[in-house]
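# Provided below are the primary sequence and the corresponding predicted coordinates.
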Amino acid sequence: MRIRLSALLVATAIAVLLAGSSLLAQDAQGRLWDSAIAGDTLGIRQALADGAKIDSLDVRRNPNGRRALNWAALHNRVDAIEMLLANGAPLEAVNRTGFTALNHAGEAGSLEAARALLAAGADPAHANNAGYAPAMTARENGHQEVAVLIEAAAAAQESPRE
């Protein structure tokens, strides 16, 4: 009886620990997305250390989803963008409608974010599922300065190198 009770206690303790680590990872994921929104680089670092996946899609607020990099771009959080990229965030990852982080920067008029993403190598011609490149998305949302920046980057890519 005592051995069975001890085995049951050990099994219960293991189950609680495993459930706790699963909850910690889920909590870490939410903290990653929220930290990207807020531009909280310390929060991003801690969430990643706690097991958050840098390329996961957040559908809590929008059914199309946004990755941490998309959230940072949408909210013009340059420090967060740089930290996410340094930790392996995929620059051209898309949400369910094909929006990259640069598309989200264009949508929101996040000029500094667009600059940071382009400097990191974001593709200014990467169209979303509706066929809109980031500059078109920026123009559609009334963000002319961002559209001009992205169009200049696209033109520079297209011009022949000498």
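That came through fine.
# Residue 45 touches residue 80, doesn't it?
No. Here residue 45 lies out of contact with residue 80, judged by Cβ atoms under 8 Å, at a distance of 10.5 Å. The way it works is simple: take the backbone N, C-alpha and C, and place the C-beta from them, glycine included.
# which residues does the spatially closest residue to residue 142 that is not a sequence neighbour contact?
Excluding its sequence neighbours, the residue lying closest to residue 142 (Cβ to Cβ, 6 or more residues apart in numbering) is residue 109, at 7.4 Å. By Cβ atoms under 8 Å, 6 or more residues apart in numbering, the contact list for residue 109 reads 138, 141, 142, 143, 145, 146.
# For residue 45 and residue 80, indicate the residue with more neighbours.
Using other Cβ atoms under 10 Å, the more surrounded residue of residue 45 and residue 80 is residue 80, with 27 against 14.
# Dump the C-alpha coordinates for the strand or helix carrying that one into CSV.
Assessed by DSSP states H and E, residue 80 sits inside helix 78-86. Taking Å, rounded to 0.1, in the frame of the first residue of the first chain, the C-alpha atoms of helix 78-86 are listed here in CSV:
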residue,chain,number,x,y,z
VAL,A,78,12.1,49.1,-33.9
ASP,A,79,14.0,47.7,-30.9
ALA,A,80,11.7,44.8,-30.8
ILE,A,81,12.1,44.2,-34.5
GLU,A,82,15.8,44.1,-34.2
MET,A,83,15.7,41.8,-31.2
LEU,A,84,13.3,39.4,-32.9
LEU,A,85,15.4,39.3,-36.1
ALA,A,86,18.6,38.7,-34.0
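# buried set for that helix?
78, 80, 81, 82, 83, 84, 85 (16 or more other Cβ atoms under 10 Å).
# What does the pLDDT read for the third one?
To tie it back to what came earlier, the one meant is residue 81. Looking at residue 81, its pLDDT is 98.
# tell me the contacts of residue 107?
74, 99, 137, 138, 141, 143.
# which one among those residues gets closest to residue 153?
residue 138 (11.8 Å; Cβ to Cβ).
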